[in-house]
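**Student:** I would like the atomic coordinates for the input below:
(one chain, ligands or ions: 1)
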Amino acid sequence: MTTAESSLRLEVTELLQELIRLDTANPPGNETQAAELLRDYLGDNGVESELYARTPERANLVARLPGSGGGPSLLLLSHTDTVPAAPAEWLVNPWSAELRDGELWGRGALDMKGQVAAEAVALASLARDGFEPAGDLVFAACADEEVGAGFGLQWLCKAHPEAVRTDYALNEGAGERLELFGRPFYLCSSAEKMSSPFRLFVRGRAGHASVPGIADNALVKAAPLIERLAAYRPELRLGPETSAMIEAMIGEALSPEEALKVARERDELAAELLEPLLSLTLSPTMIKASETRNVIPHLCTVDVDCRLLPGQTQEEVEPVLRAVLGEGDFEFGWLEGWGGTRSELGTPLWDAVASFVDRIEPEATVLPVCVAGFTDSHWLRDAFGTVAYGFFPSNAMDPQVASRLIHSADERVAVDDLELGVDCFRHAALQVTGG
Ligand SMILES: [Zn+2]
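**Tutor:** Modelled structure (predicted):
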């Protein structure tokens, strides 16, 4: 390890510790603390930034190394808010930023202050090196990703589009190293499913629970509807990212049925990864009926978590779901519809991610994935057609351990992965905006 590398390692560790020590749990967020810390850090390294806030305590920070002209622009995107933490469930104080055995503990270490710090250090160190990009190199640390109440990137894209409009963007979403079919892969997310939950309102007639014969129990009537949803096997289909994923994993183009069969036979983890990407998913998760034990409910509501494939619409899916549910005294209503966008593969940013992976582990391949959850990449794709990928490389921490720690107790990040992240974002910036 050279001195320059080890000093970036220390720099990113210290910046992340400072970020974790600021409580930006959302609600209420208070992300301005983080924006000001980043503004001071970047300013000390000769990078100007601008704070954009819909309300003073919830600022978004945007910093820029302006391009000399002509080249494509790249945004290093992140969010500074976190989900809340219950200290009683943790082994350490979630805001103490303790270092233990090469890992930095604290709320937001993985989601996603670690990436905030790695992107900021990449930008600051490139500026110190005198890097002059051809296209703009932009860094945006946004508020309010976890709740999405309109203070973060969604608002920024509308109110200050010139600040965040870029050709390419790297954000959260993936980057973990997995072994599938006995070979190493790094996941890079290029698409997101649409969060599209719905509610069933099942109607009956109230009555005293001691005389069930005179009532019409809405809870009982909901049962067969739930069973029909559980038994439904949606049609499988392949989007471009899932086709590319199957080819990279299995080595040949297969139908979704064949790919799933091969994965189930040969690699359980690959099957788990693949299955939800081949169709919409449905999970009934919440039910509400009578508030009182001795009153038969006249209404029962069932909430179903539903995620559509990118490009699939509620208009297209609703008649299919109605046919699955069949006849009955119920109404069907969508609760919301968020996300569901994708970016193309095979772009200069994709090549930058692939060449980085090739450099750190030549036997490994980048695997495109569609993620099940929503990220801020959606707003960029939606507003500007930005090619946005989720990639924060990690190979030090077991990916299954890491995925359990996100949004839960004892969240922590390996310092080795922070250093890898700085290296990755420097590489991507040089490749994409370097001219
Ligand atoms: Zn996040």
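
**Student:** run through the residues that contact whichever residue of the stretch 251-400 of the chain sits closest to the ion.
**Tutor:** The stretch 251-400 of the chain approaches the ion most closely through Thr375 (6.7 Å), counting by Cβ to the ion. Backbone N, C-alpha and C define where each C-beta goes, glycine included. Contacts for Thr375 (Cβ atoms under 8 Å, 6 or more residues apart in numbering) come out as Glu145, Asn171, Glu172, Gly173, Ser189, Glu192, Gly339, Gly390.

**Student:** emit the PyMOL select command for whichever of these are buried.
**Tutor:** Selection of the buried residues among the contacts of Thr375 in PyMOL, burial being defined by 16 or more other Cβ atoms under 10 Å:
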select buried, resi 145+171+172+173+189+192+339+390
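
**Student:** which one among the contacts of Thr375 sits at the bottom for pLDDT?
**Tutor:** Of all the contacts of Thr375, Gly339 carries the smallest pLDDT score, 93.

**Student:** contact partners for that one?
**Tutor:** Neighbouring residues of Gly339 by Cβ under 8 Å, 6+ apart: Glu192, Lys193, Met194, Ser195, Phe374, Thr375, His378.

**Student:** also Pro393?
**Tutor:** Shown in contact with Pro393 (Cβ under 8 Å, 6+ apart): Gly175, Arg177, Tyr186, Phe356, Val357, Ile360, Asp417, Leu420, Gly421, Cys424.

**Student:** and Arg237, how far is that from the ion?
**Tutor:** Distance, Arg237 to the ion, using Cβ to the ion, to the nearest Å: 28 Å.

**Student:** pLDDT at the nearest residue to Gln312 once chain neighbours are set aside, what is it?
**Tutor:** Nearest non-adjacent residue to Gln312, counting by Cβ to Cβ, 6 or more residues apart in numbering: Leu280, 6.3 Å away. We have a pLDDT of 97 for Leu280.

**Student:** doesn't Pro310 make contact with Leu280?
**Tutor:** No. At 10.9 Å, Leu280 does not count as touching Pro310 under the criterion of Cβ atoms under 8 Å.

**Student:** overlap in contacts of those two?
**Tutor:** In contact with both Leu280 and Pro310: Lys193, using Cβ under 8 Å, 6+ apart.

**Student:** for Thr32, list the residues it contacts.
**Tutor:** Thr32 makes contact with Leu51, Ala53, Pro56, Glu57, Arg58, Ala59, according to Cβ under 8 Å, 6+ apart.

**Student:** top of the contacts of Gly339 by number of neighbours, please.
**Tutor:** Highest neighbour count within those, by other Cβ atoms under 10 Å: Glu192, with 28 neighbours.

**Student:** please name the bridge partners of that one.
**Tutor:** With DSSP bridges as the criterion, Glu192 is bridged to Val371.

**Student:** so it sits right up against Arg342, yeah?
**Tutor:** Yes. Here Glu192 reaches Arg342: they are 7.4 Å apart, a contact under Cβ under 8 Å.

**Student:** list residues touching both of these two?
**Tutor:** Pro310, Cys370.

**Student:** state the mean pLDDT of the helix or strand containing Glu331.
**Tutor:** Element membership for Glu331 (DSSP states H and E) is strand 330-334. Averaging pLDDT along strand 330-334 yields 98.

**Student:** determine how far whichever helix or strand comes after it lies from the middle of the whole chain.
**Tutor:** Going down the chain from strand 330-334, the next helix or strand is strand 338-339, by DSSP H and E. Put simply, strand 338-339 sits 12 Å off its chain's centre (Cα atoms, centre = their mean, to the nearest Å).

**Student:** give the partner strands of strand 338-339 in its sheet and their orientations.
**Tutor:** Here strand 338-339 is paired, per DSSP bridges, with strand 194-195 (antiparallel).

**Student:** and the following helix or strand past the partner strand, which strands flank it?
**Tutor:** Later in the chain than strand 194-195, the nearest helix or strand by DSSP H and E is strand 198-203. Strand 198-203 sits in its sheet next to strand 299-308 (antiparallel), strand 330-334 (antiparallel), going by DSSP bridges.

**Student:** nice, that's everything, thank you.
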